[in-house]
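In: Please find the sequence and the predicted model below.
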Amino acid sequence: MNKKLSMLLPVIATCGLLAGCGTDYYTKDSTVFVAKNGSVVSTDVEDFDTAAYKQDDLQSYVDKSIDDYNKKNDGSVKLKKLTVEKKKASLTMSYASTDEYTDFNGTKLFSGTIAEALAAGYDFKTDFAAIDDGKAKKCESSEFLDETGYKVVVYEGSSNLHVKGKILYASVDKVKLVDDKTVAIGDKYSLLASQTTGTESVTENTEAVKADATEGTENGADGSVSDDDILNSVKQDNEVTFDFDSEEDNSVPVSYITYVIYK
(Lines give C-alpha, C1' and ligand atoms only; values in the text may rest on other atoms or scores of the structure.)
Protein backbone atom coordinates (compact mmCIF):
# COMPACT_ATOMS: atom_id res chain seq x y z
CA MET A 1 0.00 0.00 0.00
CA ASN A 2 1.32 3.44 -0.78
CA LYS A 3 1.81 5.95 2.01
CA LYS A 4 -0.27 8.73 0.52
CA LEU A 5 -3.27 6.51 0.03
CA SER A 6 -2.84 4.99 3.47
CA MET A 7 -3.38 8.40 5.00
CA LEU A 8 -6.53 8.87 2.97
CA LEU A 9 -7.93 5.36 3.05
CA PRO A 10 -6.05 3.47 5.76
CA VAL A 11 -5.53 -0.26 5.49
CA ILE A 12 -6.36 -0.78 1.85
CA ALA A 13 -7.22 -4.27 0.70
CA THR A 14 -7.77 -5.04 -2.96
CA CYS A 15 -10.38 -6.34 -5.16
CA GLY A 16 -11.86 -4.44 -8.00
CA LEU A 17 -12.92 -4.09 -11.57
CA LEU A 18 -10.05 -2.83 -13.65
CA ALA A 19 -10.30 -0.97 -16.90
CA GLY A 20 -8.34 -1.96 -19.97
CA CYS A 21 -9.15 -2.01 -23.64
CA GLY A 22 -12.81 -1.51 -22.78
CA THR A 23 -12.85 -4.73 -20.77
CA ASP A 24 -13.19 -5.26 -17.02
CA TYR A 25 -10.44 -7.26 -15.33
CA TYR A 26 -10.73 -8.68 -11.83
CA THR A 27 -7.98 -8.95 -9.25
CA LYS A 28 -8.54 -9.93 -5.65
CA ASP A 29 -5.56 -8.24 -4.02
CA SER A 30 -3.88 -4.84 -4.28
CA THR A 31 -1.45 -5.09 -7.17
CA VAL A 32 1.16 -2.86 -8.75
CA PHE A 33 1.75 -3.66 -12.44
CA VAL A 34 5.11 -2.60 -13.88
CA ALA A 35 5.91 -2.64 -17.60
CA LYS A 36 9.43 -3.11 -18.93
CA ASN A 37 9.52 0.54 -19.98
CA GLY A 38 8.83 1.61 -16.37
CA SER A 39 5.20 2.67 -16.80
CA VAL A 40 2.94 1.64 -13.94
CA VAL A 41 -0.69 0.87 -13.20
CA SER A 42 -1.80 -0.06 -9.71
CA THR A 43 -4.99 -0.93 -7.88
CA ASP A 44 -6.04 -0.51 -4.25
CA VAL A 45 -9.43 -1.11 -2.65
CA GLU A 46 -10.87 -0.70 0.81
CA ASP A 47 -14.11 -1.07 2.70
CA PHE A 48 -16.27 1.99 2.07
CA ASP A 49 -19.14 3.01 4.34
CA THR A 50 -21.76 4.11 1.83
CA ALA A 51 -24.04 5.20 4.66
CA ALA A 52 -21.48 7.69 5.96
CA TYR A 53 -19.72 8.77 2.77
CA LYS A 54 -20.70 9.51 -0.82
CA GLN A 55 -18.99 8.27 -3.94
CA ASP A 56 -19.27 11.75 -5.45
CA ASP A 57 -17.13 13.15 -2.62
CA LEU A 58 -14.54 10.48 -3.26
CA GLN A 59 -14.59 11.15 -7.00
CA SER A 60 -14.17 14.89 -6.48
CA TYR A 61 -11.20 14.44 -4.18
CA VAL A 62 -9.46 12.01 -6.51
CA ASP A 63 -9.96 14.26 -9.51
CA LYS A 64 -8.65 17.30 -7.62
CA SER A 65 -5.63 15.45 -6.23
CA ILE A 66 -4.61 14.22 -9.66
CA ASP A 67 -5.20 17.60 -11.29
CA ASP A 68 -3.21 19.44 -8.61
CA TYR A 69 -0.31 17.00 -8.87
CA ASN A 70 -0.17 17.07 -12.66
CA LYS A 71 -0.24 20.88 -12.79
CA LYS A 72 2.46 21.24 -10.16
CA ASN A 73 4.74 18.55 -11.52
CA ASP A 74 3.90 18.54 -15.22
CA GLY A 75 2.75 15.01 -14.54
CA SER A 76 0.65 12.49 -16.41
CA VAL A 77 -1.08 10.59 -13.60
CA LYS A 78 -4.45 9.34 -14.79
CA LEU A 79 -7.54 7.95 -13.12
CA LYS A 80 -8.53 4.81 -14.98
CA LYS A 81 -11.59 3.81 -12.98
CA LEU A 82 -13.28 4.45 -9.65
CA THR A 83 -16.03 2.19 -8.40
CA VAL A 84 -17.93 1.82 -5.16
CA GLU A 85 -19.62 -1.54 -5.07
CA LYS A 86 -20.73 -3.85 -2.28
CA LYS A 87 -19.23 -1.48 0.30
CA LYS A 88 -15.84 -1.55 -1.45
CA ALA A 89 -14.14 1.48 -2.98
CA SER A 90 -11.82 0.53 -5.84
CA LEU A 91 -9.50 3.00 -7.52
CA THR A 92 -7.39 2.33 -10.61
CA MET A 93 -4.69 4.78 -11.67
CA SER A 94 -1.82 4.89 -14.16
CA TYR A 95 1.61 6.51 -14.07
CA ALA A 96 4.09 7.24 -16.84
CA SER A 97 7.04 6.01 -14.77
CA THR A 98 8.07 4.44 -11.48
CA ASP A 99 9.44 7.83 -10.43
CA GLU A 100 6.01 9.38 -10.93
CA TYR A 101 4.40 6.56 -8.96
CA THR A 102 6.90 7.10 -6.14
CA ASP A 103 6.43 10.86 -6.12
CA PHE A 104 2.64 10.73 -6.14
CA ASN A 105 2.19 7.94 -3.60
CA GLY A 106 5.21 8.26 -1.33
CA THR A 107 6.03 4.58 -1.84
CA LYS A 108 9.37 3.81 -3.47
CA LEU A 109 9.25 1.87 -6.72
CA PHE A 110 12.20 1.30 -9.07
CA SER A 111 12.40 -0.43 -12.43
CA GLY A 112 15.45 -0.88 -14.61
CA THR A 113 18.45 -3.08 -15.30
CA ILE A 114 20.46 -4.61 -12.48
CA ALA A 115 23.33 -2.22 -13.25
CA GLU A 116 20.95 0.74 -13.03
CA ALA A 117 19.61 -0.51 -9.71
CA LEU A 118 23.13 -0.81 -8.29
CA ALA A 119 23.95 2.68 -9.53
CA ALA A 120 20.80 3.95 -7.83
CA GLY A 121 22.04 2.61 -4.50
CA TYR A 122 20.21 -0.71 -4.20
CA ASP A 123 22.75 -3.13 -2.77
CA PHE A 124 20.83 -6.43 -3.13
CA LYS A 125 21.99 -7.35 0.38
CA THR A 126 19.17 -9.68 1.33
CA ASP A 127 18.29 -13.36 0.92
CA PHE A 128 17.30 -14.42 -2.59
CA ALA A 129 15.73 -17.45 -4.21
CA ALA A 130 15.86 -18.67 -7.80
CA ILE A 131 12.47 -19.44 -9.32
CA ASP A 132 12.11 -22.39 -11.66
CA ASP A 133 8.84 -24.05 -12.66
CA GLY A 134 7.02 -22.47 -9.73
CA LYS A 135 9.61 -23.66 -7.22
CA ALA A 136 11.90 -21.45 -5.13
CA LYS A 137 15.46 -22.46 -4.25
CA LYS A 138 17.80 -20.36 -2.13
CA CYS A 139 20.62 -18.71 -4.06
CA GLU A 140 23.20 -15.94 -3.78
CA SER A 141 22.76 -12.59 -5.51
CA SER A 142 26.09 -13.21 -7.27
CA GLU A 143 24.19 -15.70 -9.41
CA PHE A 144 22.47 -12.88 -11.32
CA LEU A 145 24.16 -9.55 -10.52
CA ASP A 146 26.35 -9.65 -13.62
CA GLU A 147 23.52 -10.52 -15.98
CA THR A 148 22.97 -7.71 -18.48
CA GLY A 149 19.72 -8.99 -19.98
CA TYR A 150 17.69 -9.07 -16.78
CA LYS A 151 15.33 -6.42 -15.45
CA VAL A 152 14.65 -5.71 -11.78
CA VAL A 153 11.81 -4.09 -9.89
CA VAL A 154 12.50 -2.88 -6.36
CA TYR A 155 9.38 -2.10 -4.34
CA GLU A 156 8.97 -0.81 -0.80
CA GLY A 157 5.23 -1.34 -0.48
CA SER A 158 2.90 -4.18 0.43
CA SER A 159 0.69 -4.61 -2.64
CA ASN A 160 1.14 -7.58 -4.93
CA LEU A 161 3.75 -6.95 -7.62
CA HIS A 162 3.25 -8.01 -11.25
CA VAL A 163 5.90 -7.70 -13.97
CA LYS A 164 5.82 -8.14 -17.74
CA GLY A 165 8.09 -11.10 -18.02
CA LYS A 166 9.02 -14.33 -16.28
CA ILE A 167 10.26 -13.97 -12.71
CA LEU A 168 13.68 -15.63 -12.37
CA TYR A 169 14.75 -14.50 -8.89
CA ALA A 170 13.13 -12.70 -5.97
CA SER A 171 13.96 -11.66 -2.45
CA VAL A 172 12.75 -14.17 0.12
CA ASP A 173 11.48 -12.17 3.09
CA LYS A 174 7.75 -11.30 3.14
CA VAL A 175 7.29 -12.67 -0.39
CA LYS A 176 5.07 -15.39 -1.82
CA LEU A 177 4.98 -16.56 -5.44
CA VAL A 178 1.52 -16.22 -7.00
CA ASP A 179 2.39 -17.11 -10.59
CA ASP A 180 5.38 -16.75 -12.91
CA LYS A 181 4.81 -12.99 -13.20
CA THR A 182 3.38 -12.07 -9.81
CA VAL A 183 4.46 -12.09 -6.17
CA ALA A 184 2.40 -11.31 -3.09
CA ILE A 185 3.93 -9.31 -0.26
CA GLY A 186 2.83 -9.74 3.33
CA ASP A 187 4.03 -10.14 6.88
CA LYS A 188 3.24 -13.86 7.00
CA TYR A 189 5.03 -14.78 3.79
CA SER A 190 8.42 -16.30 3.01
CA LEU A 191 9.30 -17.35 -0.52
CA LEU A 192 11.13 -20.48 0.62
CA ALA A 193 8.30 -21.51 2.92
CA SER A 194 5.68 -21.16 0.19
CA GLN A 195 6.08 -23.39 -2.83
CA THR A 196 2.55 -23.25 -4.23
CA THR A 197 1.59 -21.12 -7.18
CA GLY A 198 -1.24 -20.57 -9.58
CA THR A 199 -4.67 -21.82 -8.56
CA GLU A 200 -3.53 -22.84 -5.07
CA SER A 201 -2.60 -19.31 -4.06
CA VAL A 202 -4.89 -17.08 -6.06
CA THR A 203 -7.59 -17.26 -3.41
CA GLU A 204 -5.32 -15.18 -1.21
CA ASN A 205 -3.69 -13.10 -3.86
CA THR A 206 -4.20 -11.86 -7.42
CA GLU A 207 -7.10 -13.96 -8.66
CA ALA A 208 -6.67 -13.29 -12.34
CA VAL A 209 -4.30 -11.31 -14.48
CA LYS A 210 -5.82 -11.20 -17.94
CA ALA A 211 -3.33 -8.90 -19.58
CA ASP A 212 0.23 -7.66 -19.31
CA ALA A 213 1.84 -4.30 -19.85
CA THR A 214 2.82 -3.49 -23.40
CA GLU A 215 6.22 -2.15 -24.43
CA GLY A 216 7.14 1.50 -24.17
CA THR A 217 6.98 2.01 -27.91
CA GLU A 218 3.24 1.65 -27.66
CA ASN A 219 2.89 4.42 -25.10
CA GLY A 220 1.65 7.88 -25.99
CA ALA A 221 4.14 10.54 -26.97
CA ASP A 222 3.57 12.28 -23.65
CA GLY A 223 4.71 9.20 -21.77
CA SER A 224 1.25 8.47 -20.39
CA VAL A 225 -0.05 4.94 -20.08
CA SER A 226 -2.92 3.97 -22.34
CA ASP A 227 -5.41 1.15 -21.76
CA ASP A 228 -3.34 -0.96 -24.15
CA ASP A 229 -0.16 -0.42 -22.14
CA ILE A 230 -1.10 -2.16 -18.93
CA LEU A 231 -4.40 -3.74 -17.95
CA ASN A 232 -4.79 -3.13 -14.22
CA SER A 233 -4.29 -0.20 -11.86
CA VAL A 234 -4.06 1.79 -8.54
CA LYS A 235 -6.30 3.71 -6.12
CA GLN A 236 -6.58 6.96 -4.21
CA ASP A 237 -9.08 8.98 -2.10
CA ASN A 238 -11.02 11.90 -0.79
CA GLU A 239 -10.69 15.36 0.74
CA VAL A 240 -13.43 14.43 3.14
CA THR A 241 -11.88 12.54 6.06
CA PHE A 242 -12.73 8.90 5.48
CA ASP A 243 -12.41 6.71 8.54
CA PHE A 244 -12.30 3.19 7.20
CA ASP A 245 -11.88 0.35 9.61
CA SER A 246 -11.22 -2.69 7.44
CA GLU A 247 -8.21 -4.84 8.22
CA GLU A 248 -6.79 -7.30 5.77
CA ASP A 249 -4.99 -10.41 6.99
CA ASN A 250 -2.00 -9.72 4.78
CA SER A 251 -1.82 -5.96 5.31
CA VAL A 252 1.50 -4.82 6.72
CA PRO A 253 2.09 -1.81 8.97
CA VAL A 254 5.52 -1.10 7.54
CA SER A 255 7.10 -1.31 4.11
CA TYR A 256 9.42 -4.09 3.03
CA ILE A 257 12.04 -3.90 0.31
CA THR A 258 11.17 -6.48 -2.31
CA TYR A 259 13.39 -7.35 -5.27
CA VAL A 260 11.98 -9.09 -8.34
CA ILE A 261 14.40 -10.02 -11.12
CA TYR A 262 12.82 -11.09 -14.39
CA LYS A 263 13.37 -11.42 -18.12
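Out: Everything's here; your move.
In: Which residue is the nearest non-sequential neighbour of residue 77?
Out: Excluding the flanking residues, the one nearest residue 77 by CB to CB, 6 or more residues apart in numbering is residue 66, at 5.2 Å. Yep, even glycine has a C-beta here, placed from its N, CA and C like the rest.
In: Who are the contact partners of the one you found?
Out: If a contact means CB atoms under 8 Å, 6 or more residues apart in numbering, then residue 66 has 77, 78, 79, 93, 236 as its contacts.
In: possible to save the residues you listed as TSV with distance to residue 144, neighbour count and pLDDT?
Out: Shown next, in TSV, are the contacts of residue 66 (distance: CB to CB, whole Å; neighbours: other CB atoms under 10 Å; pLDDT from 0 to 100):
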residue	distance to residue 144	neighbour count	pLDDT
77	32	24	98
78	34	17	96
79	37	20	94
93	31	26	91
236	35	28	38
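In: Give me the residue ranges of this structure where confidence is low.
Out: Counting by pLDDT under 70, the chain has low-confidence residues at 1-27, 194-255.
In: mind checking the longest helix of it?
Out: helix 55-73 (DSSP state H).
In: Only the buried residues of it, if you could.
Out: Neighbour counts over helix 55-73 (16 or more other CB atoms under 10 Å) mark 58, 59, 61, 62, 65, 66, 69 as buried.
In: Could you do stretch 36-47 as well?
Out: Buried, per 16+ other CB under 10 Å, within stretch 36-47: 36, 37, 38, 39, 40, 41, 42, 43, 44, 45, 46, 47.
In: The fourth one contacts residue 97, correct?
Out: Yes: in this structure, residue 39 sits in contact with residue 97. The criterion is CB atoms under 8 Å, and the distance is 6.5 Å.
In: Please identify the helix or strand for the closest residue to residue 182 other than its chain neighbours.
Out: Leaving aside its sequence neighbours, residue 182 sits nearest to residue 162 (CB to CB, 6+ apart; 4.5 Å). Using DSSP states H and E, residue 162 sits within strand 160-163.
In: Sheet-wise, list the partners of that strand with their directions.
Out: strand 31-34 (parallel), strand 182-190 (antiparallel) (DSSP bridges).
In: nearest residue to residue 45 other than its sequence neighbours?
Out: Leaving out its chain neighbours, the residue that sits closest to residue 45 by CB to CB, 6+ apart is residue 90, at 4.1 Å.
In: I'd like to know how far the residue nearest to residue 182 sits from residue 181.
Out: 6 Å (CB to CB, to the nearest Å).
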